[in-house]
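K.L.:
3D model of this:
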Amino acid sequence: MKVTFPHMGNLYIPLKTFFETLEVEVIVPPPCSKKTLELGCKYSPEFACLPLKITLGNFIEALNMGADTIIMAGGIGPCRFGYYAEVQREILKDLGYKFNMIVLEPPKGHLLDIMKKVFHITNKKNIKEIYSAAKLAWEKALLLDRLDKMVNSIRPVELMKGETDRVYKQAKQQISMAKTEQELTSVQQQIFKRMSKIKKAKDKVPIKIGLVGEIYTILEPFVNLNIERQLGELGVIVERGIYISEWIRDNLFPSFLNPKEHIELLNLAEPYIRCFVGGHGRESIAQIVKYSKEGFDGVIHLLPLTCMPEIVAKSAVPLVSKDHNIPVMTLVLDEHSAETGVRTRLEAFVDLIRHRKEETGNYALLPRN
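P.N.:
The predicted structure follows:
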């Protein structure tokens, strides 16, 4: 069995660790690229979500590299993510690929089913071995999230441009290669030490912007055109509305393990969206309110073209923005989005926020979406 899975930010690192620790051969698709996008768009329905197209491209590249088993997450509710696997399965079969696709559905009532599939994939390894592999993968996911937060706080104030990204690239490689928890602890200490040595501009005061929206467009840099790096270069501290460890917790852990903070967060969206609309639509609105309460200077709302849950959220954004006096810019992404065009919009948004902070705080100066 040669297992593969789609890219979504740094998720490939804990997934690769989990399966390889259990002696399952893993074929990681090449990083998302223009070729990946072209392959996905060529064989996908025209109006399919951008994430479906790119993950299909991931699968085609991995199958061409020798993979024979695809691991894909399932979904529930009014979001097309739950149909991705079935649509992609049929497309790949029509293209003549021979493979097995294992769909891991959210564990709400399906925990036993997930365990059976894990046992099958891992050649019936025992519970202790699976737990040990999962624990190491989980620790890597948590460390990667801490690293991302650290990078996004240092990049806007670094004195030597690009130094933070160089350390970040090396750090990810080290985390990926760590074989034990003890080794990972040592790697963590080295990473934090190197990060602390990056020289920072003490007189520079960055602005803070939150990223909310559809999870794939938030986590996958190729899809969002490296928005975190772009904003960092513009002197912005970025905080995401969701991180890898939270996605793993929400999708692969039973719902009773969700922290109470998540319920409290959803309550913030109550005046605007009172029910589950699929995906992270309700969370997007709640996080805008949260960022306003925490003193953030602005929010960027990311979504793929035709994303139903985020379109529902987008309809509430102007009122949330007005009620909580926080500027929100919506970026709708598809295969035609270009870094240059997005950069122009980001520069304008950041300039307007700075102007707002320097002037009287007149909300009318800010763009509405």
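
K.L.:
Give the phi and psi angles for Val24, as a check.
P.N.:
The main-chain torsion angles of Val24 are listed as degrees, to the nearest 10 and equal phi -100, psi 130.

K.L.:
so which strand or helix has the residue lying closest to Phe5 once chain neighbours are set aside?
P.N.:
When the adjacent residues along the chain are set aside, Phe5 lies closest to Ile71, with 4.4 Å between them (Cβ to Cβ, 6 or more residues apart in numbering). C-beta coordinates here come from the backbone N, C-alpha and C atoms, glycine included. Taking DSSP states H and E as the definition, Ile71 sits inside strand 69-73.

K.L.:
Where do the strands of this structure begin and end?
P.N.:
If DSSP state E is used as the criterion, the strands of the chain fall at 2-4, 25-26, 69-73, 100-104, 207-213, 236-240, 298-304, 328-333.

K.L.:
And the ones you listed: which comes nearest Asn226?
P.N.:
Closest to Asn226 of those, according to Cβ to Cβ: strand 236-240, at 11.2 Å.

K.L.:
other SSEs contacting the closest one?
P.N.:
In this structure, strand 236-240 packs against helix 127-154, strand 207-213, helix 227-233, with contacts taken as 3 or more Cβ pairs under 8 Å, 6 or more residues apart in numbering; DSSP states H and E.

K.L.:
partners of it, with directions?
P.N.:
Each strand that pairs with strand 236-240, with its direction, by DSSP bridges: strand 207-213 (parallel).

K.L.:
tell me the angle of the strand it pairs with relative to strand 298-304?
P.N.:
With axes from the mean of the first three to the mean of the last three Cα atoms, to 10 degrees as the criterion, the two stretches strand 207-213 and strand 298-304 enclose an angle of 30 degrees.

K.L.:
pull the CA atoms of strand 207-213 into PDB?
P.N.:
Extracted in PDB, the C-alpha atoms of strand 207-213 (Å, rounded to 0.1, in the frame of the first residue of the first chain):
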ATOM      1  CA  ILE A 207      -0.700  46.700  12.400                       C
ATOM      2  CA  LYS A 208      -2.700  43.500  13.200                       C
ATOM      3  CA  ILE A 209      -5.000  41.800  10.700                       C
ATOM      4  CA  GLY A 210      -7.000  38.600  11.200                       C
ATOM      5  CA  LEU A 211      -7.600  36.100   8.400                       C
ATOM      6  CA  VAL A 212     -11.000  34.400   8.400                       C
ATOM      7  CA  GLY A 213     -13.000  32.400   5.900                       C
END
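
K.L.:
can you give me the helices in the stretch 201-350 of the chain?
P.N.:
Listed in chain order, the helices of the stretch 201-350 of the chain (DSSP state H, counting those that start in this stretch) span residues 215-219, 227-233, 244-252, 260-267, 281-293, 308-323, 339-358.

K.L.:
I'd like those helices as a markdown table, with distance to Ile175, mean neighbour count and mean pLDDT appended.
P.N.:
Supplementary listing: these in a markdown table, determined by distance: least, Cβ to Cβ, whole Å; neighbours: other Cβ atoms under 10 Å; pLDDT from 0 to 100:
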| stretch | distance to Ile175 | mean neighbour count | mean pLDDT |
| --- | --- | --- | --- |
| helix 215-219 | 16 | 25 | 95 |
| helix 227-233 | 18 | 21 | 96 |
| helix 244-252 | 12 | 18 | 78 |
| helix 260-267 | 26 | 11 | 86 |
| helix 281-293 | 27 | 24 | 96 |
| helix 308-323 | 30 | 19 | 96 |
| helix 339-358 | 27 | 15 | 94 |
